[in-house]
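[1] Predicted model and sequence follow; I will ask about them next.
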Amino acid sequence: MSDSRRVPRRRNLSEDVSEYIRGGIMSGELRPGTRIDQDAIAAELGVSRLPVREALISLDKEGLINTIPRRGAFVAQMDREDVLDHYQLFGQVAGLAAARAAARLTDSEIERLVDVHGRMHTTSHRDEQRKLNDEFHRIINKAAGSARIASMVGLLSRSLPMPYVDFPDTWLDEADRQHQEIIEALRRRDTLAAQRAMEQHINLSGRHAVNVLEGMGFFAPE
């Protein structure tokens, strides 16, 4: 893989390597069926083979890698339903977090959501949009007050098949409206409406992800 995608040091090495390989898969640089060269990745990232092996185990559990005994690790073939299923699961957990948050968010936290939403709407910088989107959801997930929910949301969001930053501009307009619906439900302390709005937001994001991946030729011909 190209050494232009250097991984910043965060969390731990195996998670950094996972993110690096996942990025190569989702960008199309690593195509389905490609054998993962562990030595090459370790050299590119300046790490030992141990975090690379740990990363491949994690990615195998995500369904992005197939590990074949005595042959090695290969990029798995992912179809449209795999992507939609991932987003649906993510939406269900994130929806539960939103329902919990509706009863727990303080007025000041809701105003923070409004502020983050407004800044995401006005900025044209994709990286800033991504950060603000993450912050928007982080406020809600934290307010849910559940370590288990936070853990599951983190796991599912880290392994999303398509980063939001790669979505088309049309998604940003839709996301703006969907975020507004979420905020209004939270303001009313309507747990069911907040849950439904969040689930719909995540599920529609999954459909956008499929469209983007199709445009990249990511899926095998039907």
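    Thanks, I have it.
[2] Which residue ranges of the chain form helices?
    Secondary structure of the chain by DSSP state H: the helices cover 13-26, 38-45, 49-62, 80-102, 107-122, 126-143, 147-158, 169-187, 191-215.
[3] where does this protein dip in pLDDT?
    Screening the chain residue by residue with the criterion pLDDT under 70, one finds the ranges 1-11, 161-168, 222.
[4] which one in it is furthest away from the centre?
    Distance from the C-alpha centroid of the chain peaks at Arg70, with 31.6 Å (Cα atoms, centre = their mean).
[5] and it, how far is that from Gln77?
    The gap separating Arg70 from Gln77 is 21 Å, by Cβ to Cβ, to the nearest Å. For every residue, glycine as well, the C-beta is placed using N, CA and C.
[6] cool, and Arg31?
    In this structure, Arg31 lies at 10 Å from Gln77, with Cβ to Cβ as the measure.
[7] just Ala55 next, same as before
    The value you get for Ala55 to Gln77, if Cβ to Cβ is used, is 20 Å.
[8] for Met198, same thing?
    The gap separating Met198 from Gln77 is 30 Å, by Cβ to Cβ.
[9] coming back round to it: looking at the helices of the chain, spot the one closest to Pro221.
    Between Pro221 and these, the tightest spacing by Cβ to Cβ is seen for helix 191-215, at 10.9 Å.
[10] For that closest one, what is the distance to the chain centroid?
    The offset between the C-alpha centroid of helix 191-215 and the centroid of the whole chain comes to 12 Å, using Cα atoms, centre = their mean, to the nearest Å.
[11] Correct me if wrong: Leu113 contacts Ile140.
    Yes: Leu113 sits in contact with Ile140 when judged by Cβ atoms under 8 Å, with a separation of 7.3 Å.
[12] Need the overlap of contacts for the two.
    When contacts are counted by Cβ atoms under 8 Å, 6 or more residues apart in numbering, Leu113 and Ile140 have Leu105, Leu186 as shared neighbours.
[13] Compare the two (neighbour count), which wins?
    Neighbours of Leu113 and Ile140, each counted by other Cβ atoms under 10 Å, are more numerous for Ile140; the result is 25 against 22.
[14] Could you give the number of residues near the closest residue to the more buried one other than its chain neighbours?
    Using Cβ to Cβ, 6 or more residues apart in numbering and skipping residues adjacent in sequence, the residue nearest Ile140 is Ala101, 4.7 Å away. Summarising burial for Ala101: neighbours were counted as other Cβ under 10 Å, giving 28.
[15] Pull up the gap between Ala101 and Gly91, please.
    Distance of Ala101 to Gly91, given as Cβ to Cβ: 15 Å.
[16] Quick one: residues contacting Leu172.
    Shown in contact with Leu172 (Cβ under 8 Å, 6+ apart): Gln129.
[17] so how far is Thr123 from it?
    Separation of Leu172 from Thr123 (Cβ to Cβ) stands at 10 Å.
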